[in-house]
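K.L.:
Just need the structure, nothing else, for what follows:
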Amino acid sequence: MNLKVLLSPIVLLVFTFIECKDKTIQKESTVFADGQKITISKAVLEDKIKGGWAGQVIGCTYGGPTEFKWLGTMIDDDVPIPWDENQIEFWYDQFPGLYDDVYMDLTFVSVFEKHGLDASDTLHAQAFANARYPLWHANQAARYNILNGIMPPESGHYFNNPHADDIDFQIESDFAGLMSPGMMNASSEICDRIGHIMNFGDGWYGGVFVAGMYTQAFISDDVAFVVNEALKAIPQESRFYQLIADVVQWHKMYPGDWKQNWFEIQKKWSSEKGCPDGVFNAFNIDASLNAAYIVLGLLYGDGDYGKTIDISTRAGQDSDCNPSNAAGILGTMLGYSNIPEYWKQGLDRVEKRNFSFAAFSLTDAYNLSYRHALGMIEKHGGKVQGDTAEIVYQKVKPLELEQSFKNLYPLERISYQWPMAGKRIDEQEKEYTIEFEGAGIVLSGNAVKTDNTLPDYKLQLDVFVNGQLVENVSLPTQALIQKTNIYWNYQLEEGKNTIKMVASDVPEGYLVNIHSALIYSKIQQSSPLHHHTLKL
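P.N.:
Residues are numbered from 1 along each chain as shown. Have a look, this model is predicted:
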């Protein structure tokens with residue numbers, strides 16, 4: 001790794017040297033100065049970018065068989081996770097949707113390629129919303145918002161997106177770091193433009209943090225430095241910062257025991273506040289918790305590729321996305337040429353194949369990101385000449401504090417079915433009313449056809465809050481553009497509230513199924529209520 005650091009007179013860098021495949025790696029043990037010039041050969045830059053993209057595919061593939069199968073528990077060491085030369089090709093062929101971590105990144109890469117490095121959030125949002133791949137959680141809520149005229153940053157705000165703190169931007173933010181070597185503030189600006197399409201608060205911070213670790217992995221092979229520098233961008237008052245800071249501290253307390261760290265995370269941070277599917281459930285797609293599992297892999301893997309991937313996978317929950325991020329960051333640090341051959345086996349079979357839902361291959365990703373990185377280096381005061389690039393290092397600037405679900409606490413989940421699945425809506429079932437004590441509510445469900453021969457349709461509900469008509473809700477039956485949840489409101493006055501929904505346009509053969517109501521309060525409960533089942 002021929003990385004030459006030009007020493008600034010205002011900072012002293014102390015290096016140790018280790019050998020890896022006959023190449024000397026400089027291990028940086030202190031900080032870089034703002035504006036310090038770092039010279040890197042183009043060949044090394046390209047190799048690192050290639051390692052970042054390849055790492056995402058490798059990590060995603062390894063964790064694919066375990067995704068969301070271990071909820072609130074770790075994957076035991078005796079549970080085999082297969083890896084051989086056929087694994088990547090198998091997933092490409094049989095489950096191409098596994099690589100949404102990559103092909104969604106490529107949506108934004110393609111916008112930069114087409115419209116330039118200053119492409120607006122609107123251009124990115126339109127490309128994202130009109131893509132033909134299926135989406136879930138914050139991404140799907142954002143697509144619905146954009147297609148219905150709610151543009152970023154409002155499309156990701158929790159008032160309009162009940163999944164604002166979910167993992168979505170975190171898993172698709174890698175591209176921002178890969179095009180911003182050593183320039184975390186530039187990466188954060190890109191994340192501001194794009195991450196607020198689908199997330200807010202901790203959900204946005206997750207993408208900033210992951211992308212930030214990529215930016216530092218270009219210039220340092222000290223994993224702790226990479227984690228800590230990226231964390232400096234996150235406001236210390238946020239849950240996200242506090243959780244990751246705890247993981248770092250617990251690593252110092254239990255340096256040889258990632259499982260003890262995992263238990264500490266579980267005891268203090270495993271409760272879900274936002275995602276309607278995860279509150280009061282073992283399922284947890286919160287960005288901060290899953291980011292903790294990325295950091296677990298990086299810190300306890302300590303530069304070992306297989307160990308890093310395995311720990312981030314065995315931590316559970318979103319156990320394909322987390323090792324994908326971890327393996328991409330470490331792949332950037334090591335460079336493609338230094339990723340062990342064992343982990344690259346089978347990669348050559350797919351590198352030139354286009355991803356599902358994308359007109360780009362992994363090889364295209366290598367080339368596009370390399371070109372964009374050179375452009376970003378020049379855009380931010382660096383130089384590209386001959387066979388080298390000179391990066392102007394950016395001292396990390398903290399972001400402003402933003403918090404989702406502010407001063408709201410989950411109170412209870414009421415589970416039921418309205419109307420009964422498969423039953424025609426008659427006059428008595430065209431209205432639904434719920435009375436509750438609290439300050440917020442999320443009604444979850446979906447619009448369906450009882451006969452698949454019927455065309456897709458946008459069902460319409462009128463929503464009344466405390467007797468006042470507040471919204472007409474459009475509910476498409478088409479999965480690609482569906483609404484993630486029927487209705488939500490986080491701005492109610494604390495106390496008794498009534499929500500009434502009236503089916504204003506639900507033709508025969510179509511149903512609106514409401515299966516749960518999640519109630520929030522502004523008063524934190526000492527013993528929150530859990531799953532109550534009511535039969536209406």
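K.L.:
Could I get the full set of helices for the stretch 151-300 of the chain?
P.N.:
In the stretch 151-300 of the chain, the segments counted as helices under DSSP state H, counting those that start in this stretch are 168-171, 174-178, 184-195, 202-217, 223-231, 239-253, 258-269, 287-301.
K.L.:
Mind putting these into CSV with distance to Lys458?
P.N.:
Backbone N, C-alpha and C define where each C-beta goes, glycine included. Shown next, in CSV, are the helices of the stretch 151-300 of the chain (distance: least, CB to CB, whole Å):
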stretch, distance to Lys458
helix 168-171, 24
helix 174-178, 33
helix 184-195, 28
helix 202-217, 27
helix 223-231, 42
helix 239-253, 36
helix 258-269, 39
helix 287-301, 31
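K.L.:
Out of those helices, which is closest to Met151?
P.N.:
Closest to Met151 of the helices of the stretch 151-300 of the chain, according to CB to CB: helix 184-195, at 12.0 Å.
K.L.:
by how many degrees do the closest one and helix 202-217 diverge?
P.N.:
For helix 184-195 against helix 202-217, the angle by axes from the mean of the first three to the mean of the last three CA atoms, to 10 degrees is 140 degrees.
K.L.:
Quick check: end-to-end length of stretch 173-187?
P.N.:
From its first residue to its last, stretch 173-187 covers 9 Å (CA to CA, to the nearest Å).
K.L.:
try stretch 278-295
P.N.:
So stretch 278-295: terminal residues 22 Å apart, CA to CA.
K.L.:
Go through that stretch and flag the buried ones.
P.N.:
By neighbour count with 16 or more other CB atoms under 10 Å, stretch 278-295 contains the buried residues 278-280, 283-295.
K.L.:
What of stretch 124-143?
P.N.:
Quick answer for stretch 124-143 (16+ other CB under 10 Å): 124-129, 131, 133, 135, 137-143.
K.L.:
ok so, going back, pick the one among the buried residues of stretch 278-295 closest to Leu147.
P.N.:
Nearest to Leu147 among the buried residues of stretch 278-295: Ile285, at 22.5 Å, using CB to CB.
K.L.:
Pretty sure Lys50 sits in a strand.
P.N.:
No - the assignment for Lys50 (DSSP: H, G, I helix; E, B strand; the rest coil) gives helix, which keeps it out of a strand.
K.L.:
how near is the nearest residue to it once chain neighbours are set aside to Ala327?
P.N.:
Distances taken as CB to CB, 6 or more residues apart in numbering place Tyr336 nearest to Lys50, at 3.9 Å, with adjacent residues excluded. Applying CB to CB, to the nearest Å, the value for Tyr336 to Ala327 is 12 Å.
K.L.:
and these two? which has more neighbours close in?
P.N.:
Neighbour count, other CB atoms under 10 Å: between Tyr336 and Ala327, Ala327 has more, with 34 against 20.
K.L.:
Hmm, Asp47 and the residue nearest to Lys50 touching each other?
P.N.:
Yes - using CB atoms under 8 Å, Tyr336 is in contact with Asp47, at 5.1 Å.
K.L.:
sorry, back to before: contacting residues for the residue nearest to Lys50?
P.N.:
When contacts are counted by CB atoms under 8 Å, 6 or more residues apart in numbering, Tyr336 touches 47-48, 50-51, 54, 344.
K.L.:
quick one: contacts for the residue nearest to the spatial centre of the chain?
P.N.:
Closest to where the C-alpha atoms of the chain average out (CA atoms, centre = their mean) is Gln170, at 2.4 Å. Contact analysis of Gln170 by CB under 8 Å, 6+ apart lists 199, 203, 206-207, 209-210, 287, 290-291, 321, 325.
K.L.:
Compare these and tell me which is most surrounded.
P.N.:
Neighbour tally across the contacts of Gln170 (other CB under 10 Å): the maximum, 38 neighbours, falls on Asn199.
K.L.:
Now that residue. Its backbone dihedrals?
P.N.:
phi -140, psi 170 (degrees, to the nearest 10).
K.L.:
That one against Glu172, yeah?
P.N.:
No - counting by CB under 8 Å, Asn199 stays clear of Glu172, with 10.1 Å between them.
K.L.:
on that earlier part again, tell me the one of the buried residues of stretch 278-295 nearest Ile265?
P.N.:
Ala292 (5.2 Å).
K.L.:
so how far is Gly316 from the closest one?
P.N.:
Using CB to CB, Ala292 is found at 11 Å from Gly316.
K.L.:
Repeat that for Lys483.
P.N.:
Lys483 sits 29 Å away from Gly316, going by CB to CB.
K.L.:
who has more neighbours, the two?
P.N.:
The neighbour count for Lys483 versus Gly316, taken as other CB under 10 Å, is higher for Gly316 (25 against 21).
K.L.:
Help me confirm that Phe464 comes into contact with Ser504.
P.N.:
No - contact criterion CB under 8 Å: Phe464 and Ser504 do not qualify, at 11.3 Å.
K.L.:
Measure how buried Tyr370 is and give me the count.
P.N.:
20.
K.L.:
And the next helix or strand past the stretch of helix or strand it belongs to?
P.N.:
For Tyr370, the enclosing helix or strand under DSSP states H and E is helix 362-379. Downstream of helix 362-379, the next assigned helix or strand under DSSP H and E is strand 383-385.
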